[in-house]
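Visitor: Predicted model follows, preceded by the sequence.
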Amino acid sequence: MDVAVLGCGYVGIELARQLASAGHSAVGVRRSADGLAAVRETGADAVEADVTDAGSLEAVPDVDAVVFAASSGGRGADAAREVYVDGLRTAVEQFGGRDDAPEKFVYTSSTGVYGDHDGGWVDESTPLDPTTEKTEVLVEAERVAREEAPEFGMDPTVVRFAGLYGPDRYRLTRYLDGPVTEGYLNMVHRDDAAGVVRFALTDDAADGEEVLLAVDDEPVDKWAFADWLADECGVDHPEKQTVDERIAAGDLSTPAERRVRTSKRCSNERLRDLGYEFAYPTFQEGYRAAVEAFERGEYK
C-alpha cells in the first residue's frame, strides 16, 4: 500500500516507520522544509506541500490512502478552521479528484470532541458535545471527512486520539512538581497512536469502521497517576488541587477553564474487539522509559 501522510510530524513520522516495517511505502508531507530530513530517515519519501494549497498538493504522487494528520500549531479556533476544515476539504477534493483517487482517507481527530461526561465512560457511539470553539471545529472537520470523502469514492475513518505522550512528550515535571488538578487522564502512547492509524489502513478487521477511539486500556485519576509517577521516580508526592481551587486562581482563559472542568473516561473496547494489540497497554508500560531516564539523571 502507498500512503500519503499529510502533516508528517510527531505521530506521522512514527506511522511512516511502521508502514515501512510492514512492507508498505509512505510519502511524508510537511508544509515547510524543516523536518523533511526526519521524514526521509524513516525510509519514506518527503514532499514539501501545504494542505491549504491545492496546487502544492499536486507534488504528492498518487497513493492508495491518505492520512490527514496536519496540525494548526496550537493556535486558536480560526487557525484550526483553516487547517482542519478548509485544509481537510482541500485535501479531500485534490486527492479525490484525481484519475487514480485513493481508496481510503483517514482523519486524525481528538477525544476533545466528546466534551464533559462528569467522569463517565465514552466510546465511538457517544454523541459529540464540544465545549470550546476549537473542538467545535474538530467536529466540523470530522463531518467533512465522513461525508465528503465518500463523494469521491474514498472510504473514511476518523481516529480520535486521547492525550498523546511518548519520546520528548512525557512531561514528567508537570506531574512531579505539581500542583496536580483532579480529573481523569485518557492517554495513548505515540507508537500506539500511529499503530491505530496503521491498523485502520492495513488490517481487514478495520474495514468499514468510520470511527476508532485511540486510547489505552487504563484511563487514570490524575492524582493517582501523579503519585504513581512520584513513587517510581523516588520523589515526594506532588501537591494536589481540586477543579474549584484551580479555577479560583483566576489565571485561566475561558477555553482553558472549560477544559479543566471536562472529565471523562474513554473506552478502547471497540478497538480491542477488532484485534488491535497495544505496544503500551497502560501508562505503566508507556512511562517506563521516562522513569528509567529520570533515575539515570538523563531526563530533560
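Guide: Perfect, thanks for sending it.
Visitor: What is the burial count for residue 59?
Guide: 11 (other C-beta atoms under 10 Å). Just so you know, the C-beta spots here come from the backbone N, C-alpha and C atoms, and that holds for glycine as well.
Visitor: now it, what's its secondary structure?
Guide: coil (DSSP: H, G, I helix; E, B strand; the rest coil).
Visitor: my guess is it contacts residue 49, does it?
Guide: Yes. With contact defined as C-beta atoms under 8 Å, residue 59 counts as touching residue 49 (5.3 Å).
Visitor: how about the helices in the stretch 151-300 of the chain?
Guide: 172-176, 190-202, 222-233, 243-248, 254-261, 269-274, 283-286, 288-295 (DSSP state H, counting those that start in this stretch).
Visitor: looking at the ones you listed, which is closest to residue 38?
Guide: helix 190-202 (13.8 Å; C-beta to C-beta).
Visitor: and that closest one, what does it pack onto?
Guide: helix 10-21, strand 65-68, strand 104-110, strand 155-161, strand 163-165, strand 211-214, helix 269-274 (3 or more C-beta pairs under 8 Å, 6 or more residues apart in numbering; DSSP states H and E).
Visitor: Distance to residue 1, mean pLDDT and mean neighbour count for the helices of the stretch 151-300 of the chain - can I get that in TSV?
Guide: Shown next, in TSV, are the helices of the stretch 151-300 of the chain (distance: least, C-beta to C-beta, whole Å; pLDDT from 0 to 100; neighbours: other C-beta atoms under 10 Å):
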stretch	distance to residue 1	mean pLDDT	mean neighbour count
helix 172-176	37	93	16
helix 190-202	6	98	25
helix 222-233	37	97	18
helix 243-248	45	93	14
helix 254-261	37	86	15
helix 269-274	18	98	16
helix 283-286	27	98	18
helix 288-295	30	95	16
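Visitor: Quick one: closest of those helices to residue 40.
Guide: Going by C-beta to C-beta, the one of the helices of the stretch 151-300 of the chain nearest residue 40 is helix 190-202, 17.3 Å.
Visitor: Can you check what angle separates the closest one from strand 104-110?
Guide: 150 degrees (axes from the mean of the first three to the mean of the last three C-alpha atoms, to 10 degrees).
Visitor: could you dump the helices and strands packed on helix 190-202 to a markdown table with distance to residue 92?
Guide: What follows is these, written out as a markdown table (distance: least, C-beta to C-beta, whole Å):
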| stretch | distance to residue 92 |
| --- | --- |
| helix 10-21 | 18 |
| strand 65-68 | 8 |
| strand 104-110 | 7 |
| strand 155-161 | 9 |
| strand 163-165 | 24 |
| strand 211-214 | 17 |
| helix 269-274 | 25 |
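Visitor: Most tightly packed of those?
Guide: strand 65-68 (a mean of 29; mean count of other C-beta atoms under 10 Å).
Visitor: That strand - what's its average pLDDT?
Guide: Strand 65-68 shows a mean pLDDT of 98 in the predicted model.
Visitor: Tell me which other helices or strands that strand touches.
Guide: Counting by 3+ C-beta pairs under 8 Å, 6+ apart, strand 65-68 packs on strand 2-6, helix 88-96, strand 104-110, helix 190-202.
Visitor: at 10 Å instead, please
Guide: strand 2-6, helix 10-21, strand 25-30, helix 88-96, strand 104-110, strand 155-161, helix 190-202 (3 or more C-beta pairs under 10 Å, 6 or more residues apart in numbering; DSSP states H and E).
Visitor: Send over the last one as CSV, restricted to the C-alpha atoms.
Guide: Only the C-alpha atoms of helix 190-202 are listed here, as CSV (Å, rounded to 0.1, in the frame of the first residue of the first chain):
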residue,chain,number,x,y,z
ARG,A,190,2.7,7.9,20.3
ASP,A,191,3.6,4.4,19.0
ASP,A,192,0.1,3.2,19.5
ALA,A,193,-1.5,6.4,18.1
ALA,A,194,0.5,5.6,14.9
GLY,A,195,-0.3,1.9,15.3
VAL,A,196,-4.1,2.5,15.3
VAL,A,197,-3.8,4.6,12.1
ARG,A,198,-1.8,1.8,10.5
PHE,A,199,-4.4,-0.7,11.7
ALA,A,200,-7.2,1.4,10.2
LEU,A,201,-5.3,1.5,6.9
THR,A,202,-4.0,-2.1,6.5
